[in-house]
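[1] Predicted coordinates and the sequence they were generated for:
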Amino acid sequence: MEESVPTISERAARLHKESIIIDPCVQYLIKRTARSDRAGLAAAGLTIPMPGDDMMQALPRVQEFLEIIFHEPTFCLAHTPDAIRRAHAAGQIAHILLAQDSLFIGANPKSLLLWKQLGLRVCQLTYNERTPAGDGCLELNDGGLSQYGRVLIREMERYGITIDLTHVGQRTFMDACGVATQPLIASHSNPKSVVDNPRNITDEQMRAVADTGGVVCVTTWAPLIWNGQPGMPTLDDHLRCLDYAINLLGIDHVGISTDSMGTMGAYPPHAHNPDALPYGSVTDAFDQLAQPPDNNNRQPADFNGIEDYPYLVQKLVDHGFRDGEIKKVLGENLMRVFEATWKPDWLA
């Protein structure tokens, strides 16, 4: 028996076409496909330096990232907010160079100027573990933001790189909010009050981001919306987290991300590594019920990542959100942050 295809109303189809949709966490979007066309993204945040990379490991990844954009006419580099607007108008996808930790920067924060010129626009302070900047959310002891981390925030703000507090430990997170003078984001974090996962963030953390003028992007990534029920989570579970965030922070401080696959099959296979860091507290319980086990990099049962953005827009319409509210959470709120934090290239 074939699965029924969700019906998309005229209003939802119009909003999907009109909205500047920014997904700040997409994995391996390496070519144009029917999947990327259906997504309707104006911009996607791509993790290019991988967590744990040093500078020499990161540079070849950036080179490959830029080559992919160079060879695909419908891709472009998201180096300015206007580049995202132009991509939306032209039916292109602007690629945001994003890093999920800060190890690749090295010991001298001023090397950020080099990375800025290579395209870096969004950077996390940590992944799940400790970096010289501070501690990740899975560290046993969160010592808070380091002196290096304070300087790093200052230099990110000076050069025009958005600071992302996803994966950051609670004390380091709050320290960073206290030091920052520009809007911050959490690109793929959900309310801990709704789903008690160590990757999710407290009300206090969410408010601290909003108080900077920033945005918390509620993600569809299934382990962060799953509350332990016997079956797979659905988009309704994502909407539960989204509603909570909006009620807590207001519509101007909430966005949406998927943390899903950009190009199916591009995510490299993960061999078992007995020496790997213990991330089981985030995913193990969910993985016991996930069907199929990887499920498009762990997405809800009724949502196949970026290709189902039209369906997500329909869910927002059905949920009672107004047109302007939908456009804000799909991308306008992030555009406001980028306008405030990105600066023209020094060499432009």
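    Right, received. Where do you want to start?

[2] now the helices for the stretch 151-300 of the chain?
    170-179, 203-211, 235-249, 280-287, 295-298 (DSSP state H, counting those that start in this stretch).

[3] buried stuff in the next helix or strand along the chain from the shortest one?
    Proceeding C-terminally, helix 295-298 gives way to helix 309-318 as the next helix or strand, assigned by DSSP states H and E. By neighbour count, with 16 or more other Cβ atoms under 10 Å as the criterion, the buried positions of helix 309-318 are 309-317. Where C-beta positions appear, they are placed from N, C-alpha and C, glycine not excepted.

[4] Report all helices and strands that the helix or strand just after helix 309-318 contacts.
    Helices and strands here follow DSSP H and E; after helix 309-318, the next one along the chain is helix 323-327. The criterion is 3 or more Cβ pairs under 8 Å, 6 or more residues apart in numbering; DSSP states H and E, and the helices and strands that helix 323-327 contacts are helix 10-18, helix 309-318.

[5] Now helix 323-327: buried residues?
    Neighbour-count burial for helix 323-327 [16+ other Cβ under 10 Å]: 325-327.

[6] Tell me the one among these nearest to Arg85.
    Lys327 (13.2 Å; Cβ to Cβ).

[7] Please name the residues that touch the nearest residue to that closest one once chain neighbours are set aside.
    Using Cβ to Cβ, 6 or more residues apart in numbering and skipping the chain neighbours, the partner closest in space to Lys327 is Ser19 (4.8 Å). When the contact criterion is Cβ atoms under 8 Å, 6 or more residues apart in numbering, the partners of Ser19 are 313, 326-327, 330-332.

[8] now those residues in a markdown table, with pLDDT?
    Formatted as a markdown table, the entries for the contacts of Ser19 read as follows, by pLDDT from 0 to 100:
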| residue | pLDDT |
| --- | --- |
| Val313 | 98 |
| Ile326 | 98 |
| Lys327 | 98 |
| Leu330 | 98 |
| Gly331 | 98 |
| Glu332 | 98 |
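
[9] ok, which stretches of the stretch 1-150 of the chain are helices?
    Secondary structure of the stretch 1-150 of the chain, counting by DSSP H, counting those that start in this stretch: helices at 10-18, 34-39, 55-71, 81-90, 112-118, 147-159.

[10] report the angle between the axes of the first one and helix 309-318?
    Regarding helix 10-18 and helix 309-318, their directions subtend 130 degrees when assessed with axes from the mean of the first three to the mean of the last three Cα atoms, to 10 degrees.

[11] Many thanks, have a good one.
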